[in-house]
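J.: how would this look folded up:
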Amino acid sequence: MIIAVDGPAASGKGTIARALARHYRLPHLDTGLLYRAVGIGVLRAGGDPGDAAAALAACDFPASLLDDPALRDEAATAASSRVSVHPAVRAALLERQRAFAAQPAGAVLDGRDIGTVIAPQADAKLFVTARSEVRAQRRERELAGRGVSPGYDAVLADILTRDARDSGRDAAPLRQAEDADLLDTSDLDIGQAVQRAIALVENRMRRAG
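T.: Numbering: from 1, shown residues only. Here you go, the predicted model:
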């Protein structure tokens, strides 16, 4: 069984995807980490994430980089959004993601184009979202927990900028797949959102027969 979980930044899609993977005992891939790895690779090489050639060169990274704590930093977050607009980068990482999805038992993948590009054949698709103000509050709390305090206004501005970039890019823009179930987590806590996600997947599997 393949489960695709898409959505904008700080919507809760990663938490939900990890919970689904545990529930169904499936391997999980946060595809955003791949783009963060590319972004960090560009920065460490002294390059510009907006440079398509530099970003493409950074796509050949070792799997061990995905465990680097630096991928969770704001620098990686910003760089990942910039390198992800390059069609050549998305093409370079495409097969890596599809190979993960094609494992015999299935997999859970979360990102921004899983249900539309990476695994359009997924057995269940969720598009997880939340109001931008709620997502900014969540991200601010997450950053504060790491000792980083950019302030709510700065976080909200970054969220809106990323939304516009991700939705407006030519290569695999962020959008809800036509056959994806919408899950708005704005007014749900983590437990409620996970239970709703499981219910949506179960319903989709029943309908598939």
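
J.: from Ala79, how far off is Ile3?
T.: 28 Å (CB to CB, to the nearest Å). Heads up, the C-betas are built off the backbone N, CA and C, glycines and all.

J.: correction: the previous question concerned Pro150.
T.: In terms of CB to CB, Pro150 sits 16 Å off from Ala79.

J.: more crowded one of those two?
T.: Ala79 (27 against 14; other CB atoms under 10 Å).

J.: pretty sure that one contacts Leu43?
T.: Yes: taking CB atoms under 8 Å as the definition, Ala79 is a contact partner of Leu43 at 5.7 Å.

J.: joint contacts of the two?
T.: Contact with both Ala79 and Leu43 is made by residues Pro49, according to CB atoms under 8 Å, 6 or more residues apart in numbering.

J.: so who does Gln103 touch?
T.: Pro27.

J.: give me the element it is part of.
T.: For Gln103, there is no enclosing helix or strand under DSSP states H and E.

J.: tell me the pLDDT of it.
T.: On the pLDDT scale, Gln103 is placed at 94.

J.: how close does it get to Arg82?
T.: 30 Å.

J.: buried ones in stretch 149-163?
T.: 155-156, 158-159, 162-163 (16 or more other CB atoms under 10 Å).

J.: what about the strands in the chain?
T.: Using DSSP state E, the strands of the chain run over 2-6, 28-30, 107-111, 124-129, 181-184.

J.: highest mean neighbour count out of those strands?
T.: strand 2-6 (a mean of 29; mean count of other CB atoms under 10 Å).

J.: which neighbouring elements make contact with that one?
T.: helix 13-24, strand 107-111, strand 124-129 (3 or more CB pairs under 8 Å, 6 or more residues apart in numbering; DSSP states H and E).

J.: please name whichever of the ones you listed is nearest to Asp68.
T.: helix 13-24 (16.9 Å; CB to CB).

J.: quick one: mean pLDDT for that closest one?
T.: Helix 13-24 comes out at a mean pLDDT of 97.

J.: how about stretch 74-94?
T.: 91.

J.: starting at the chain centroid, how far to it?
T.: 11 Å (CA atoms, centre = their mean, to the nearest Å).

J.: same thing with stretch 110-126?
T.: With CA atoms, centre = their mean, you get 11 Å for stretch 110-126.

J.: list the buried ones in it?
T.: For stretch 110-126, by 16+ other CB under 10 Å, it's 110-119, 122, 124-126.

J.: and stretch 187-205, by the same measure?
T.: Quick answer for stretch 187-205 (16+ other CB under 10 Å): 188, 193-194, 196-197, 200-201, 204.

J.: need those in CSV with distance to Leu29 and pLDDT, can you?
T.: Below are the buried residues of stretch 187-205 laid out as CSV (distance: CB to CB, whole Å; pLDDT from 0 to 100):
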residue, distance to Leu29, pLDDT
Leu188, 24, 97
Ala193, 20, 98
Val194, 18, 98
Arg196, 22, 98
Ala197, 17, 98
Leu200, 20, 98
Val201, 17, 98
Arg204, 20, 95
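
J.: could those residues be laid out in CSV, adding distance to Glu133?
T.: Output for the buried residues of stretch 187-205, formatted as CSV (distance: CB to CB, whole Å):
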residue, distance to Glu133
Leu188, 15
Ala193, 17
Val194, 22
Arg196, 21
Ala197, 22
Leu200, 24
Val201, 28
Arg204, 30
